[in-house]
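[1] Fold the following.
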Amino acid sequence: MASKADRSRSFGSIAADYDRLRAQPADAAVDWLVPARRDPLVDLGAGTGLFTRALAARASRVIAVEPDDRMRSVLQQRSPEVTVLAGRGEAIPLPDASADGVFASSAWHWMNPDQAIPEVARVLRDGGRFGVIWTSRDPAAEWLRADEWFEEATRERDPASQQRRERSLPDGGDFINIETQTFRFNRVMTPAELVESVATYSRIITAPPEYRALGRARATAALAELFPGASQIEVPFRSRCWRADRVPR
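    Below you'll find the predicted structure:
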């Protein structure tokens, strides 16, 4: 099984597919996260810029911080108006008290919270917003059995992963007004796009090729049985959000 470090670096190998297949967050979720003051907003672990583009539609200045040069390359091509920096959440390449908002979209669980939380607090201005969001397929949809389709590829199922992610978030200290919210939405996809989107997750990217192929075959067969002859499927997604404000220094 691949290590967490290997999985965190795996996305660059499929950067273009990641950008094409992964879902952008719900508009309502982004509106709920961003503060009224927005100059600039920072996207940590920005990847190919899926969340960056949502921020750029709401702010005049956005800074994207991403450690993988392959992901940054796609981000820069897709979002030339955004300032793109090499860096990590544990060492944000920005001055103290320089941002009105710092966000992590489907990336916080790759960061070391003991280092990243103080860095976020350092970079935020007093009253600035810290927001975290995970956008993924909605597990409440019983037919959407992606874990089962790719079970042999991932070699493990981890229902407690979301709980661990949330436990790594601040519970006070430099942050107040802590709130959580979940936003659900549907995304229309072809069956092939749904199968390939499931394959953009790290445990599958790093699995042996024969297991990835087996998972794709299982998923394709399952969808053909569930939606015979369908050219498009409404796929349920959810954006799970956490936000807080930086206390005055």
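[2] my guess is residue 56 meets residue 63, correct?
    No. Residue 56 is beyond contact range of residue 63, at 10.4 Å (criterion: C-beta atoms under 8 Å). For glycine as for every other residue, the C-beta is placed from the backbone atoms N, C-alpha and C.
[3] list residues touching both of those two?
    residue 82 (C-beta atoms under 8 Å, 6 or more residues apart in numbering).
[4] how long is stretch 78-90 from one end to the other?
    25 Å (C-alpha to C-alpha, to the nearest Å).
[5] So what sits opposite the residue nearest to residue 144 when sequence neighbours are not counted in the bridge?
    Once flanking residues are discounted, residue 144 sits nearest to residue 137: 5.5 Å by C-beta to C-beta, 6 or more residues apart in numbering. Residues in a beta bridge with residue 137, per DSSP bridges, are residue 237.
[6] Now for residue 137, how many residues are close by?
    18 (other C-beta atoms under 10 Å).
[7] Compare residue 56 and residue 63 (neighbour count), which wins?
    residue 63 (25 against 18).
[8] quick one: the one helix or strand that one maps to to chain centroid distance?
    Secondary-structure element containing residue 63, defined by DSSP states H and E: strand 62-65. Computed by C-alpha atoms, centre = their mean, to the nearest Å, the chain-centroid distance of strand 62-65 equals 15 Å.
[9] again with stretch 237-249
    14 Å.
[10] list the buried ones in it?
    237-246 (16 or more other C-beta atoms under 10 Å).
[11] From residue 96, how far out is the residue nearest to residue 144?
    As judged by C-beta to C-beta, to the nearest Å, residue 137 and residue 96 stand 38 Å apart.
[12] just residue 199 next, same as before
    From residue 199 to residue 96 the distance is 41 Å (C-beta to C-beta).
[13] Have a look at those two and say which one is more surrounded.
    The neighbour comparison of residue 199 against residue 96 (other C-beta under 10 Å) goes to residue 199, with 22 against 11.
[14] In this model residue 214 seems to touch that one, though I could be wrong.
    No. Contact criterion C-beta under 8 Å: residue 199 and residue 214 do not qualify, at 11.5 Å.
[15] still on that earlier bit, quick one: contacts for the residue nearest to residue 144?
    Per C-beta under 8 Å, 6+ apart, neighbours of residue 137: 144, 146, 198, 235-238.
[16] what's the burial count for the closest residue in space to residue 149 that isn't next to it in sequence?
    Distances taken as C-beta to C-beta, 6+ apart place residue 219 nearest to residue 149, at 4.0 Å, with adjacent residues excluded. Applying other C-beta under 10 Å, we find 22 residues neighbouring residue 219.
[17] Residue 219 contacts residue 147, doesn't it?
    No. Applying C-beta under 8 Å, one finds residue 219 not in contact with residue 147, separated by 10.8 Å.
[18] thinking again about what came up before, can you list the buried residues in the helix or strand the residue nearest to residue 149 falls within?
    Using DSSP H and E, residue 219 falls within helix 209-226. Buried positions in helix 209-226, judged by neighbour count with 16+ other C-beta under 10 Å: 211-212, 214-216, 218-219, 222-223.
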